[in-house]
Structure formats: structure tokens, C-alpha cells
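Novice: dropping the sequence and predicted coords here.
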Amino acid sequence: MTSEALIDYVKGLLGDKTKWADPEAGDNFLTVASEDWKNICQTLATDKKCSLTYLRNFTGTDYPEDDEIELTAHTFSYSEKHGLIIKTRISREAAVCDTLSKIWPAAIWYEREIFDLLGVSFNNHPDLRRILMPEDWVGHPLRKDYKQQETYRGIPTTRPA
């Protein structure tokens, strides 16, 4: 299925639950409400024509000026030879979203990284704990308002210039 055909098909499948990027913006992506996130991802992974069964990448981006964190899942279908980017936004204050690990097992690792670096909690995640930073690290380094500690356990966190 071509990219345009996939977009048309997904628009028909999901109706008004999606907002599509301007085609001139580059990659095709759809944005969904956070409450529809898990169900829409499940639908796109299991629908025979979409068959988006592979999670290429899953990231988060902090937008403090909007008081939101954007979650972005890059998906692909090996059987159908097409991909789709799916986005949602959640509140920075209540940074909680449903896990996608039952849909795409690779999400377990991505969600741990997003939790560690951005502070997003994932409901029903099988092993939500820090993956890069020590367990007792204060804060989430990819938040734009993050203030780096001067020392960690008596060790400076910066190098001399």
C-alpha cells in the first residue's frame, strides 16, 4: 500500500479520532488524543491492511511552553511494506500514559527510557524502573527545566573546562 493509500485507509478506519500532519511538513504522522492512544495503536497493529506490527522507535519530547510531553511511536509493517508515525500529547504535570508493551514488546525498553529521562509513567508496564540513570538520581534530564545536580554521591557531575 502506498503512503497515500495508507493515510486514506487509516482516516476511514479511525474517522475523526485522528489529526493528520500537513503533507508538506515531511513525514506523514497522525496525532491522537491520549485517551485513544492505546486503542488506536492496537487497531493499527492488528488490522490486516495496516499490520503495523514493528515498533521502530518510541520517543518523548518535552514542550514546557505547552505544559505537555509528546510521545512519538514510529511503526512499520514488514508484510505490507509501509510505516506510520503515531503521536499523542500528555500533561507534564500528570505525565501518565498507557503502556504499549502488550502491543509491541520492544516498548518495554523504550518506555523505561522515557520514564527515566522525561518522567512519564506508563500504566500496567511490567518493569517500570530507571534504565540509564541511577535509581536515586534526582529529576529527569530531558525535561527542559531540569537542573543538573552539582554532585552525585560526592562526585562532581561536570568536568573542569
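Specialist: Perfect, thanks for sending it.

Novice: buried set for stretch 138-150?
Specialist: For stretch 138-150, burial by neighbour count (16 or more other CB atoms under 10 Å) applies to 140, 142-143. Heads up, the C-betas are built off the backbone N, CA and C, glycines and all.

Novice: before we move on, what about stretch 116-136?
Specialist: So stretch 116-136, judged by 16+ other CB under 10 Å, has buried residues 116-120, 122, 125, 128, 131.

Novice: columns secondary structure and distance to K102 on top of the buried residues of stretch 138-150, output as JSON lines?
Specialist: Conversion of the buried residues of stretch 138-150 to JSON lines gives the following (DSSP: H, G, I helix; E, B strand; the rest coil; distance: CB to CB, whole Å):
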{"residue": "H140", "secondary structure": "coil", "distance to K102": "25"}
{"residue": "L142", "secondary structure": "coil", "distance to K102": "25"}
{"residue": "R143", "secondary structure": "coil", "distance to K102": "27"}
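
Novice: for the residues you listed, which one is nearest K81?
Specialist: L142 (32.7 Å; CB to CB).

Novice: which residues of this structure score low on pLDDT?
Specialist: Applying pLDDT under 70 to the chain flags residues 22-27.

Novice: run the last query once more with 80
Specialist: 1-5, 7-8, 14-28 (pLDDT under 80).

Novice: what are the boundaries of the helices in the chain?
Specialist: Counting by DSSP state H, the chain has these helices, from start to end: 3-14, 37-46, 107-118.

Novice: of all the buried residues of stretch 116-136, which comes closest to D47?
Specialist: Nearest member of the buried residues of stretch 116-136 to D47, counting by CB to CB, is F122, at 23.2 Å.

Novice: list the contacts of the closest one.
Specialist: For F122, the contact set (CB atoms under 8 Å, 6 or more residues apart in numbering) comprises 96-101, 111, 114-115, 128.

Novice: picking that back up, using CSV, lay out the buried residues of stretch 138-150 together with distance to A21.
Specialist: Output for those, formatted as CSV (distance: CB to CB, whole Å):
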residue, distance to A21
H140, 27
L142, 23
R143, 25
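
Novice: what is the nearest of these to T59?
Specialist: Using CB to CB, these come closest to T59 at L142, 9.6 Å.

Novice: pipe the helices of the chain into JSON lines and attach distance to Y54 per row.
Specialist: Formatted as JSON lines, the helices of the chain follow (distance: least, CB to CB, whole Å):
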{"stretch": "helix 3-14", "distance to Y54": "15"}
{"stretch": "helix 37-46", "distance to Y54": "9"}
{"stretch": "helix 107-118", "distance to Y54": "11"}
